[in-house]
Every structure is written in C-alpha cells, then in structure tokens.
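Student: What follows is a predicted protein model with its sequence.
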Amino acid sequence: MTITREYISAFAVLREPETSGDELDVPGLPAIDSCLASLRPLPPQGVLFGVSSEGLPVMLDLWNPSPGPVLVLGDAATGKTDLLRFIAGAAARTHRPDQLQFCALTPHPDEWDGFERLDHCFGIVGSGNGAARHALDELLACVQEDPAANPVLLLVDDPTGLDAAALDLFHSLLLNGPAARLPCTERRMVWPIVTLNAGLALELPSWLALFRTRIFGRIAHSELADEFTPAPDAALHNLLAGGQFCLRSEGHWLRFWVPFVPGPV
C-alpha cells in the first residue's frame, strides 16, 4: 500500500459516523519511526518535513539559506501544530544534540509534553509570557554574536500571542535569519518555522512579506486560498486536514504527508 493510500484509508475510517457504541477499528496512520526506517539513509544536512505522495522525503536543507524563514498557513485544525511536532521529533531522531537543536514557542506548551526532556531541546516556551522574550533574545544573540553555534529550529506556533517586545525580537530574527546569510559560507543559523491561521494572515501583510517559503495546509475557501497562491492547481481545499500539506517546488505543487508522532522519544 502506498503512503497516500495508507493515509486516505486511515482518514476515511476516522471520518465515518459512529453507528453504535462499539469502538472503531481505525488503521494506524503511518508513524514517524517506521517512516524514518523506510527513508534512511537521509542526508545529514536535511530536516524532514514529511513524505511525498510518491514515498520520498520532503526536507529542508540546513546548508542552503536561500529558502529563508518558513511559513505554514492553513485553516484551524489542519495539523499545523502536528507538523511542528513532527519536525522536532524527526530532527531529534536523525541528528545528535550537538548537530541540531529546536526551540518551540507555543500558546499551548502542554501539547509539547515530554519534548523538553530531549537533549535537542533549547526550550518549550509559552508564547504569552516573559519567557518568550528571554528565549528570543538568546537566539538573536546567538545569530549576531556566535554564527558558528549549533543550528536551531525556531518552531513558532501562532506568533500573534507574543507581546510587543517579543514581537520586535521575533521580527529581528526573521530579518537576520537564513536568507540574510546570502551569500553564505556558514552552515549554522536559526531557522524560523512559523504557523499562522490563514484567516488572520491577510491582516498581517508586512509579516507575510518576510517569508520566502510557504507551506499550505487545507484552506477550505477558494477565495482565501487564491490570495496566497496565485499559481494554478493548488486546490488547497482538497487537502486532508490533519495530515496533508503542500508547497510550490520547481514550478509544480508538491503534496506531502506528516507521519504520526506518538511521543518525543
């Protein structure tokens, strides 16, 4: 069974209406460890974002700063947080702590329970308090003062909850992120990967302009989707909420799946 059929089969059962009190026999979504086992060996400079419909890895090359900060757009409950958790889990499984770290800023730290125990974890920080300002300040200092420090994935789940001071630091990190290193011989930097509800994104045009690379989850309303994707054939309304995303790559739309992350280890 292809990975696409695995996902469609699992989602079809999950969406069936309950007709009795019996538990549904839900086929498991492809899990991160079995997925990684089938994909290895992966390039050491890559961070896994998911698996394409053809079963190939979709990755971010940490040694190539040209994509710049990454923005993940989609409706509510489309799996944006799950994508960030998968990226962190995959990074921890494929890299040593001295090779790569991650920091998560989130309005719901409980959704990241257990990740703080990983040696790769720079921090799991609530975005609505002063700890977010402290974490962003540390990361900005790392970018400005220590370019040879270990690379860090800055996973920001909905930055609209940051206070004004934290937003200023976050803005500086976006401006001083990977794209600012071009031309670049350094391989180590802070990589912002940020989620945002599509309905809010149009109200923040100055922020949208800072993201060179965009990943899309399901956007049900075609008029809203067209505001973000002038290229044809995106069909964002057809993406399966909770596990499927797409991005524009080499002139075409690349769809990919996010394997299930049962836990951080």
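Tutor: Structure's in. What do you need? For clarity, every value in this text was computed on a predicted model and none was experimentally measured.

Student: Next up, phi/psi of the nearest residue to Phe211 once chain neighbours are set aside, please.
Tutor: Distances taken as C-beta to C-beta, 6 or more residues apart in numbering place Leu71 nearest to Phe211, at 3.7 Å, with adjacent residues excluded. Using the backbone N, CA and C atoms, a C-beta is placed for each residue, glycine as well. In terms of degrees, to the nearest 10, the main-chain angles of Leu71 are phi -110, psi 130.

Student: Neighbours of Leu71, how many?
Tutor: The number of residues packed near Leu71 is 23, by other C-beta atoms under 10 Å.

Student: With Trp63 instead?
Tutor: Neighbours of Trp63 under the rule other C-beta under 10 Å: 14.

Student: how close does it sit to Thr81?
Tutor: Distance, Trp63 to Thr81, by C-beta to C-beta, to the nearest Å: 27 Å.

Student: how about the strands in the stretch 151-265 of the chain?
Tutor: In order along the chain, the stretch 151-265 of the chain carries the following strands (DSSP state E, counting those that start in this stretch): 152-157, 190-197, 213-216, 244-249, 252-257.

Student: what do you get for the stretch 1-150 of the chain?
Tutor: Remark: strands assigned in the stretch 1-150 of the chain by DSSP E, counting those that start in this stretch are 46-52, 57-61, 70-74, 101-106, 121-126.

Student: other SSEs contacting the third one?
Tutor: By that I understand strand 70-74. helix 80-94, strand 190-197, helix 198-201, strand 213-216 (3 or more C-beta pairs under 8 Å, 6 or more residues apart in numbering; DSSP states H and E).

Student: Show the average pLDDT along that strand.
Tutor: Taken as a whole, strand 70-74 has an average pLDDT of 96.

Student: That strand pairs with which strands?
Tutor: Neighbouring strands of strand 70-74 in its sheet, by DSSP bridges, are strand 190-197 (parallel), strand 213-216 (parallel).

Student: Return the most buried member of those strands.
Tutor: Greatest average neighbour count among these goes to strand 190-197 (a mean of 22), per mean count of other C-beta atoms under 10 Å.

Student: Touching that strand from outside, list them.
Tutor: With contact meaning C-beta atoms under 8 Å, 6 or more residues apart in numbering, strand 190-197 is reached by 47, 60, 62, 69-76, 80-81, 83-84, 87, 139, 142-143, 151-160, 170, 173-174, 177-178, 204, 207, 211.

Student: circling back: closest to His134 out of the strands paired with strand 70-74?
Tutor: strand 190-197 (15.1 Å; C-beta to C-beta).

Student: between that closest one and strand 121-126, how many degrees?
Tutor: Orientation note: strand 190-197 sits at an angle of 30 degrees relative to strand 121-126 (axes from the mean of the first three to the mean of the last three C-alpha atoms, to 10 degrees).
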